[in-house]
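# Return a 3D structure for these sequence lines:
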Amino acid sequence: MRHIMAMKAYIVLGLLGLLTPAYGLSFDTIYETRVDTHGVLIVWQTDTASNGNIEYGLGTADANQMSIEMTMALQHQTSIYGLLEGEDYMFRIRARSRTGGQAQSPWHRFRTLGIPAPKILEVAVVEATPEGGTLVWRSNIPTRGTFECGYDTSYGFQQTDDRYGAAHEVIVKRFNPRKTIHYRVRAVDERGLEAPEHAGTFVTAERNIAVGAKVTGTFTRNVEPSYIKDTPPILDRVTDGGLDYYTGMASSGDPKDADQWVEIDLGKIAFVSDIVTMWWQLAYPKKFSVKLSLNRETWRALGDTYDASTGQTAKSRSGDPLWEHFAQAGSVLARYVRIDIPQGAPYERRFPKFNYVTLFELKVYPPEEKHD
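Numbering: from 1, shown residues only. Next up, the predicted model:
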């Protein structure tokens, strides 16, 4: 619904500060009048005769348009045309006197009459799920439109909302975990005006079946007891689902002295596809193995020469550099997952006093489900 408010804009903004006090030039008054849908008249007065220019735009960073007053006078009436309907504008004035004095006003704001053109303000992921998630797209005025998304920009999924509103919810349930999804939103307002297309990406959540799994092993060391609490238990942090330095990491014993290992129990037999380990880049193994078992008696090794630094870079919640290492199992039934670092295996450490390796998380992913 079109709302046009009658507006009489005599907004006297008072005396303004100087850019420089040279030669005593200063502003007496500045105000806007005759504001309409596409224009404004700005009246400004200085204490001595001056000329100058007005910078204006939709924000201070975009104030790259200019109106120039060449005539030397105490009072100026500057008309600005070609403005957008229903938008907030910022402007400031730079004045110069005959004797070289200069003054600059603070930024001022006015709004043109009418309804602005539609535009998509944002697309927010309210909740990410392994299959997609709940998203909300918002516009500056009531619109209706279509949300499209897919693994690529062919956008295989589409959801249309014919209700006019400033916010629209979209529920997506068709993708696989840990995937980058491309989206775009196209919308129109009640006048039939189209908003510029809004495009972006989001990432589906992981399906980590190891969260909360029971953990055993040698990763029980608190390397900074003066900063890090012993609760929750250090070993439990391997599967707590978190990547926080203070509450989510576990360090091993000295690999030079003995084998170091960590083992998790998924609680039941499940199909396993990928085993992901998140290592601290300041203390990580350069040789470790990943093993799977159904019964803790017979083990299948996925590899015994893994180097954590061959993984991809990542960051903890607190910004610490991590290595995210993937060991692929294909699609194997397992209940137990074990990480082994044999005694004497090489490991990287940032400082000589670091005689350990640090694991932030051990994740287990099932095979991807296929969606039509």
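# Whichever helix or strand Arg338 is part of pairs with which strands?
Element membership for Arg338 (DSSP states H and E) is strand 321-341. The strands beside strand 321-341 in its sheet (DSSP bridges) come out as strand 260-280 (antiparallel), strand 288-293 (antiparallel), strand 312-315 (antiparallel).
# Can you say which of those strands is nearest to Glu197?
Glu197 lies closest, by CB to CB, to one member of the strands paired with strand 321-341: strand 312-315, at 31.5 Å. In this view, the C-beta of every residue, glycine as well, is placed from N, C-alpha and C.
# Can you show me the CA trace of that closest one as PDB?
C-alpha atoms of strand 312-315 as PDB (Å, rounded to 0.1, in the frame of the first residue of the first chain):
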ATOM      1  CA  GLN A 312      43.200 -28.300   5.100                       C
ATOM      2  CA  THR A 313      43.600 -25.200   7.200                       C
ATOM      3  CA  ALA A 314      40.900 -24.400   9.700                       C
ATOM      4  CA  LYS A 315      40.400 -22.300  12.800                       C
END
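# circling back: how about the strands paired with strand 321-341, which one is nearest Gln102?
Proximity to Gln102 (CB to CB) singles out strand 312-315 among these, at 48.0 Å.
# average pLDDT across that closest one?
Mean pLDDT, strand 312-315: 95.
# Now it: buried residues?
Ala314 (16 or more other CB atoms under 10 Å).
# quick one: contacts for Thr201?
Contact partners of Thr201, counting by CB atoms under 8 Å, 6 or more residues apart in numbering, are Thr180, Ile181, His182, Tyr183.
# name the element it belongs to?
Per DSSP H and E, Thr201 falls inside strand 198-203.
# what are the pairing partners of that strand, and which direction each?
Partners of strand 198-203 in its sheet, by DSSP bridges: strand 180-189 (antiparallel).
# contacts for the partner strand?
So strand 180-189 is in contact with 115, 117-118, 120, 123, 132, 135, 137, 139, 141-153, 155, 164, 172, 175, 194-195, 197-204, going by CB under 8 Å, 6+ apart.
# again, but for stretch 125-133
134-136, 149, 169, 171-178, 181, 202-207, 371.
# for stretch 258-269, same thing?
209-210, 213-219, 235, 238-239, 250, 252-253, 294, 333-343, 357, 359, 362, 364.
# Give me the buried subset of those.
Burial by neighbour count, 16+ other CB under 10 Å: within the contacts of stretch 258-269 this picks out 209-210, 213, 215, 217-219, 235, 238-239, 250, 252-253, 334-341, 357, 359, 362, 364.
# got a list of what Tyr227 touches?
With contacts taken as CB under 8 Å, 6+ apart, Tyr227 has the following neighbours: Tyr246.
# how far away is it from Leu294?
For Tyr227, the distance to Leu294 (CB to CB, to the nearest Å) stands at 40 Å.
# Please apply the same query to Ser154.
Using CB to CB, we find Ser154 at a distance of 41 Å from Leu294.
# What are the boundaries of the strands in the stretch 51-200 of the chain?
Taking DSSP state E, counting those that start in this stretch, the strands of the stretch 51-200 of the chain run over residues 65-80, 88-97, 102-104, 108-111, 120-129, 132-150, 157-173, 180-189, 198-203.
# Need those in TSV (columns: mean pLDDT).
Shown next, in TSV, are these (pLDDT from 0 to 100):
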stretch	mean pLDDT
strand 65-80	95
strand 88-97	96
strand 102-104	94
strand 108-111	95
strand 120-129	97
strand 132-150	97
strand 157-173	96
strand 180-189	98
strand 198-203	97
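# Please produce TSV containing these, extended by distance to Ala301.
Output for the strands of the stretch 51-200 of the chain, formatted as TSV (distance: least, CB to CB, whole Å):
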stretch	distance to Ala301
strand 65-80	68
strand 88-97	64
strand 102-104	72
strand 108-111	67
strand 120-129	33
strand 132-150	35
strand 157-173	37
strand 180-189	32
strand 198-203	31
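# Could you measure from Gly52 over to Gly100?
From Gly52 over to Gly100 (counting by CB to CB), the distance is 13 Å.
# Quick check on those two: which one has the bigger neighbour count.
Per other CB atoms under 10 Å, whichever of Gly52 and Gly100 has more neighbours is Gly52, with 23 against 10.
# Touching, that one and Gly101? I think so.
No. Using CB atoms under 8 Å, Gly52 is not in contact with Gly101, being 10.9 Å away.
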